[in-house]
Structure formats: structure tokens, C-alpha cells
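Engineer: only geometry, no sequence info:
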């Protein structure tokens, strides 16, 4: 339905603008102008800008969960699963229409909403820790603090939007090799080689 497509457009535009300019820079006027709609149209689909930010976080968590589920459904070991999910999310983070809301946006939310979104972020990170633990069990991941390792995965995905600023020739095709693979090599069980 057109309502869903329009709401998705607002989520994508708001996510991109918040990531690029921060919460204050992603005003209702700027979001509306990006979509070439009136402020009235904005308020037709969104009660408040804060509710739109929460919806952007919800969309982000859904995308992360889907990437994790897709990776876990494939054959392979724990390291392969974490690599699949991370590569898919990094690639998505590099595209304006697919980018995930960065964690810096948490500071724009009121305390109650911030705590809830932080809890949801932690759940996504714990899922990465579970995937790494699977790798420890199957021998593909070396022994380490899986919580800290999972936090590095989340941080890598969160910062992938900046990759093209650091490495101008990076793109969706080579980001897994340039950006995801070095982190995975740090998780690699000693004595095991990864292609």
C-alpha cells in the first residue's frame, strides 16, 4: 500500500539526515524538503519527530535481526555466520536508502525511550555474541570475551557509513574485504586460515 511506501520513505529520509546532520539538523522542514512534501504531509504520517526517530530505531533493529537470521540460516560455522551478517549490514549502511540509524541518535531521545532503545540495541549485540559463542564451540572463533567482541561488531556496523570518508575508493562491493575481514581475522582461532 502507498501508506507503507510513504512511511518507509520517511524512515529512510530521516535515518539518512539524522546520521548526516544529527538530530537537530534533521528538522521536520529538512525531512519534508528531502521528500518534496509539505510539513502537513509529514504530520499526516508522523505524530512527532521523536516518534519518527523511535520508528527509525525500530526499522534498524528489524534489519539487523533479519540479517542475523539470514546468516544463521546458511550452512557454515560461527565465524562465517558473523561474517555474513556483518558484511550484509555494512553494505547496507553504505547506501543512503538502506542506512541504519546510528547509535549517536540515542542521545536525542528522552530517558525512557533512550533506555528502551538501548535495551533493544543490547539485544542485537548479544545475538552477535551468541553467534561468536557458536564459533567458539565449532572451533572457528578463538577464545575471547564474546561480549566485547560482539560490541566491536556492532561498532563496526554503526561506523560503516563513514567508511567512504576514510577510504574514498571503498564501496559496497569491496567493503567486506577492506572493513569486515580485518575484524573477522581478529576473531579467527589461531592456526586456522580464513579465505
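Structural biologist: Structure's in. What do you need? Not measured: the values here are computed from a predicted model.

Engineer: what residues sit buried inside stretch 107-123?
Structural biologist: Residues 108-109, 113, 117, 120-121 are the ones in stretch 107-123 that count as buried (16 or more other C-beta atoms under 10 Å). Every residue, glycine included, has its C-beta placed from N, CA and C.

Engineer: report the contact partners of residue 108.
Structural biologist: Residue 108 makes contacts with 18, 22-23, 50, 53, as judged by C-beta atoms under 8 Å, 6 or more residues apart in numbering.

Engineer: separation between it and residue 102?
Structural biologist: 11 Å (C-beta to C-beta, to the nearest Å).

Engineer: any common contacting residues for these two?
Structural biologist: Joint contacts of residue 108 and residue 102 (C-beta under 8 Å, 6+ apart) are residue 18.

Engineer: find the nearest non-adjacent residue to residue 7, please.
Structural biologist: residue 45 (5.5 Å; C-beta to C-beta, 6 or more residues apart in numbering).

Engineer: same question for residue 43.
Structural biologist: residue 28 (7.9 Å).

Engineer: how close does the one you found get to residue 37?
Structural biologist: Counting by C-beta to C-beta - residue 28 and residue 37 are separated by 11 Å.

Engineer: counting residues, which helix of this structure comes out longest?
Structural biologist: helix 111-138 (DSSP state H).

Engineer: what's that one packed up against?
Structural biologist: Judged by 3 or more C-beta pairs under 8 Å, 6 or more residues apart in numbering; DSSP states H and E, helix 111-138 is in contact with helix 49-73, helix 78-93, helix 146-159.

Engineer: give me whichever of those helices is most buried.
Structural biologist: helix 78-93 (a mean of 23; mean count of other C-beta atoms under 10 Å).

Engineer: by mean pLDDT, flag the weakest helix or strand of this structure.
Structural biologist: helix 2-25 (a mean of 80; mean pLDDT, DSSP states H and E).
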